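A.B. asks: Here is my input; please provide its structure:
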Amino acid sequence: MRCDGQEDGADRQQAPPGSPGLVRSVRTPHPDDVASHEVGAGPARAHCLAGDTPVLLADGRTAPIGELSAGEEVFGTRDGRFVVTRVRAHWKTSRPAYRVTLGDGTQVVAGGDHRFLTDEGWRHVTPGRSDDADERPFLVKGARLVGTGRFAAPPAHVRDYRDGYLWGVVRGGLPGDPDVLARAREFSAGDVPRDRDLVEWPTAPGDGWSKGFLAGLFDSRGSSTGGELVVSSSDSAVFEAAALALTRLAVPHAVEVRGLRVVGGLAGRLRFLHLVEPAIRRGNAVEGMAVPVTSQLAVVAVESLGVTRTLYDITTGTGDFVANGLVSHNCPAPPATPPASPASPARVQPSGRESPTPRTSEFFTRE
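C.D. replies: Have a look, this model is predicted:
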């Protein structure tokens with residue numbers, strides 16, 4: 001097992017007690033003493049996800065769980081609301097894989113021991129027995145998972161997207177944000193065009209152009225206040241183009257005096273941000289928001305894929321994270337800490353919950 005950016009150097013005999021099957025464990029010289037681990041064929045740390053499962057980052061974007069590193073910030077939950085937490089460890093293992101399918105089309109591939117949060121508490125993917133030999137709770141058809149549901153795939157920065165972004169950010173009034181300016185310069189391959197250079201609107205803009213245009217316009221004229229996303233423009237042509245682009249991409253929205261407001265709750269706002277991918281980070285559209293519960297996230301099927309796959313998991317300060325829009329239990333930290341040594345400082349235990357207790361539906365917002 002490798003720790004991201006670090007060399008292997010852990011002594012097998014110093015593996016955390018209570019972690020059978022742990023192959024290697026390496027700490028980073030990080031203030032929070034984060035680490036990465038690889039698990040062998042033993043029973044420990046088996047609750048993991050496919051490497052391409054998108055995880056919600058603290059800046060509002062997503063990244064595949066297989067590419068995360070210890071020390072990164074992601075969203076977890078506390079008392080039924082989304083909060084920022086840090087990845088304290090990254091895990092990798094091989095396990096039989098199962099596909100969980102929900103009513104809205106959300107799918108995740110996970111190990112049978114992995115746990116998701118439902119409106120009735122944590123549930124494993126498949127049946128089995130817990131440490132005390134009791135039958136553990138598991139997902140059944142109709143169980144309602146907690147979260148927003150599947151994330152939209154980010155756009156490819158192809159020519160149409162780049163052209164649309166320049167139209168949106170320039171016609172919206174190019175702001176001074178360094179990330180926006182850097183993207184505009186990159187997409188223009190030199191001098192950023194001016195208003196007078198962008199007069200003839202495209203006659204048949206496609207999805208790529210529309211995503212870029214909305215991203216650019218949101219970077220220049222968008223707002224994220226109180227969890228609401230609003231795009232505005234005093235230019236009637238720009239305003240109409242934005243409304244048409246939202247309609248073309250099937251983004252629910254309301255036309256108001258202040259501008260075009262993205263509707264559909266947190267799920268709708270995240271879909272917009274992921275679909276168009278503005279340059280400015282919008283984690284404030286998520287932080288502090290209530291975790292929704294909806295009948296659309298009811299389990300339709302849990303199917304064995306009939307293969308063993310490489311799976312990944314993380315340990316976080318809150319004890320959970322958001323995987324493809326679903327609140328997912330983290331891979332708990334080892335139950336004990338080996339003695340400290342000069343080369344291996346004592347582990348700093350997270351201040352948040354390592355293993356969240358089952359939460360009742362009173363914490364959640366039903367949609």
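A.B. asks: what separates stretch 319-329 from the chain centre, distance-wise?
C.D. replies: Distance, stretch centre to chain centre, for stretch 319-329: 8 Å (Cα atoms, centre = their mean, to the nearest Å).
A.B. asks: which parts of the longest strand anywhere in the chain are buried?
C.D. replies: Counting residues, the longest strand in the chain under DSSP state E turns out to be strand 292-316. Of the residues in strand 292-316, 292-294, 296-299, 302, 309, 311-316 count as buried by neighbour count, 16 or more other Cβ atoms under 10 Å. To be clear about C-beta, it is placed using only N, CA and C from the backbone, and glycine gets the same treatment.
A.B. asks: Am I right that Val169 falls within a helix?
C.D. replies: Yes: the assignment for Val169 is a helix, going by DSSP: H, G, I helix; E, B strand; the rest coil.
A.B. asks: before we move on, the earlier item: partners of the longest strand of the chain, with directions?
C.D. replies: Using DSSP bridges, strand 292-316 pairs in its sheet with strand 49-50 (antiparallel), strand 81-102 (antiparallel), strand 144-146 (antiparallel), strand 365-366 (parallel).
A.B. asks: Can you name the element that comes right after the second one?
C.D. replies: Just to be clear, that refers to strand 81-102. strand 107-111 (DSSP states H and E).
A.B. asks: Show me what that next one is in contact with.
C.D. replies: With Cβ atoms under 8 Å, 6 or more residues apart in numbering as the test, strand 107-111 has contacts from 46-50, 53, 93, 95-101, 116, 125, 150, 305, 309, 311, 323-324, 326.
A.B. asks: Nearest spatial neighbour of Ala285, chain-adjacent residues omitted?
C.D. replies: Ser224 (4.8 Å; Cβ to Cβ, 6 or more residues apart in numbering).
A.B. asks: Tell me, how many residues neighbour that neighbour?
C.D. replies: Number of residues near Ser224 (other Cβ atoms under 10 Å) recorded here: 21.
A.B. asks: Quick check: pLDDT value at it.
C.D. replies: For Ser224, the model assigns a pLDDT of 89.
A.B. asks: ok, now Gly227?
C.D. replies: On the pLDDT scale, Gly227 gets 80.
A.B. asks: With the one 4 residues further on instead?
C.D. replies: Confidence per residue is given as pLDDT, and for Val231 that number is 95.
A.B. asks: likewise Ala343?
C.D. replies: On the pLDDT scale, Ala343 gets 34.
A.B. asks: How about Asn284?
C.D. replies: 88.
A.B. asks: now swap in Leu198 and tell me
C.D. replies: The model reports Leu198 with a pLDDT of 84.
A.B. asks: show me what contacts it?
C.D. replies: Leu166, Trp167, Val170, Arg171.
A.B. asks: Show me which pair in these is furthest apart.
C.D. replies: Leu166 and Arg171 (9.0 Å; Cβ to Cβ).
A.B. asks: out of the strands paired with strand 292-316, nearest to Val192?
C.D. replies: The closest of these to Val192 is strand 81-102. By Cβ to Cβ, the value is 32.8 Å.
A.B. asks: Next, the buried residues of the biggest helix by length in the chain.
C.D. replies: For the chain, the helix reaching the highest residue count under DSSP state H is reported as helix 207-221. The neighbour-count check on helix 207-221 (16+ other Cβ under 10 Å) flags 208-221 as buried.
A.B. asks: partners of the spatially most central residue of the chain in the sheet?
C.D. replies: With distances taken as Cα atoms, centre = their mean, Leu56 lies nearest the centre of the chain, 1.5 Å away. On the basis of DSSP bridges, Leu56 is bridged to Thr62.
A.B. asks: Confirm for me that it is in contact with Thr62.
C.D. replies: Yes: between Leu56 and Thr62 there is a contact at 5.9 Å, judged by Cβ atoms under 8 Å.
A.B. asks: which neighbours do the two share?
C.D. replies: Phe151.
A.B. asks: How about Pro155: what's its closest non-neighbour residue?
C.D. replies: Lys211 (4.5 Å).
A.B. asks: how far away is the one you found from Ala245?
C.D. replies: Separation of Lys211 from Ala245 (Cβ to Cβ, to the nearest Å): 8 Å.
A.B. asks: Could you report the distance from Asp191 to Val170?
C.D. replies: Asp191 is 11 Å from Val170, by Cβ to Cβ.
A.B. asks: quick one: which of the two has more around it?
C.D. replies: Taking other Cβ under 10 Å, Asp191 and Val170 do not tie; Val170 has more neighbours (21 against 9).
A.B. asks: who's in contact with that one?
C.D. replies: Counting by Cβ under 8 Å, 6+ apart, Val170 touches Ala184, Val192, Pro193, Arg194, Asp195, Asp197, Leu198, Gly216, Ser220.
A.B. asks: picking up where we left off before, could you give the average pLDDT over the next helix or strand after the longest strand of the chain?
C.D. replies: As assigned by DSSP H and E, the chain's next helix or strand after strand 292-316 is strand 320-323. Averaging pLDDT along strand 320-323 gives 97.
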